[in-house]
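K.L.:
need coordinates for the following:
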Amino acid sequence: MRVLIISDTHDNLSNVDLLTKHVILKEKPKVIVHLGDFTSPFTLLKLKELKLPIVGVLGNNDGDISMLREIEHNIAPQPAEADLGELTAFLMHGFKDAVFTEKIATAIALSGYYRLVLFGHTHRYKVERRGTALLVNPGTLSGYLAEEATYAVLDTVSRNVQVKQLHTMNVLAEESIP
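P.N.:
You can find the predicted model right below:
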C-alpha cells in the first residue's frame, strides 16, 4: 500500500491543487496522512475531493478545529497512532520550536515502541533511521519558510520512504524502515 504523507499545508491551495491533480495520479496512494497545520477547513475539503481515507493530527496553526474534525473524524489532537498496512505509526505535529520538536520525535523513535515516527512543524524534511525506527518529516507542502514544497511517500510493502519535491517530484531523500 502506498501512503502519501504531508504536513504544513497552511492553506496554500495552489500547492494542494498541484498535489491533487498531478502527484496523486503518479503516486497512486491508498491513504493520506496529514501531520497538522491545515490552517482552515479549505485545505481539508480539497483533499476530501480525492475520496481517499485521510488520517492525521491537528497542528499549532489550525483554526476552526471543530469544523476540521467534522469534515474528517480521523483528524485527532496530537499525538496519535495510525495503522498503515501492517505498520502502526506514531503521528505528531510538533511542540514549541523545531529543536524541541525533533528532540521529542527522536525520543519516541528511540523508545522502540514504534517502527515509524511521523512529525511535521519544522518545515524541514527529514528521513532518518533512529534505533529500530524510521523518523520522517515530510517537510512543508506549502513551501512556506522552506526552500521548497515537499511531501513523502511510504510504500508499506517495501517499507521504503521517499521525500519528494512537489513541483518536480524529484526524490530528495530516501530510507527504509529498519
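K.L.:
mind listing what's buried in stretch 130-137?
P.N.:
By neighbour count on 16 or more other Cβ atoms under 10 Å, the buried set for stretch 130-137 is 130, 133-137. Heads up, the C-betas are built off the backbone N, CA and C, glycines and all.
K.L.:
distance between it and the chain's centre?
P.N.:
Distance, stretch centre to chain centre, for stretch 130-137: 14 Å (Cα atoms, centre = their mean, to the nearest Å).
K.L.:
picking that back up, ok, so of the buried residues of stretch 130-137, who is nearest residue 164?
P.N.:
Distance to residue 164 across these (Cβ to Cβ) is lowest for residue 136, with 12.5 Å.
K.L.:
show me the contact partners of the longest helix seen in the chain.
P.N.:
When the chain is scanned for its longest helix (criterion: DSSP state H), the result is helix 98-111. By Cβ atoms under 8 Å, 6 or more residues apart in numbering, the surrounding residues in contact with helix 98-111 are 90, 92, 94-95, 114, 117, 119, 121-124, 126, 130-131, 133-135, 137.
K.L.:
model confidence over stretch 135-147, on average?
P.N.:
The pLDDT scores in stretch 135-147 average 96.
K.L.:
residues of that stretch that come out buried?
P.N.:
Within stretch 135-147, the residues that count as buried by 16+ other Cβ under 10 Å are 135-143, 146.
K.L.:
residues in contact with the helix or strand that comes right after the longest helix of the chain?
P.N.:
The element immediately downstream of helix 98-111 (helix or strand, assigned by DSSP states H and E) is strand 116-118. By Cβ under 8 Å, 6+ apart, the surrounding residues in contact with strand 116-118 are 5, 33, 35, 84, 87-92, 105, 108-109, 130, 133-138, 154, 177.
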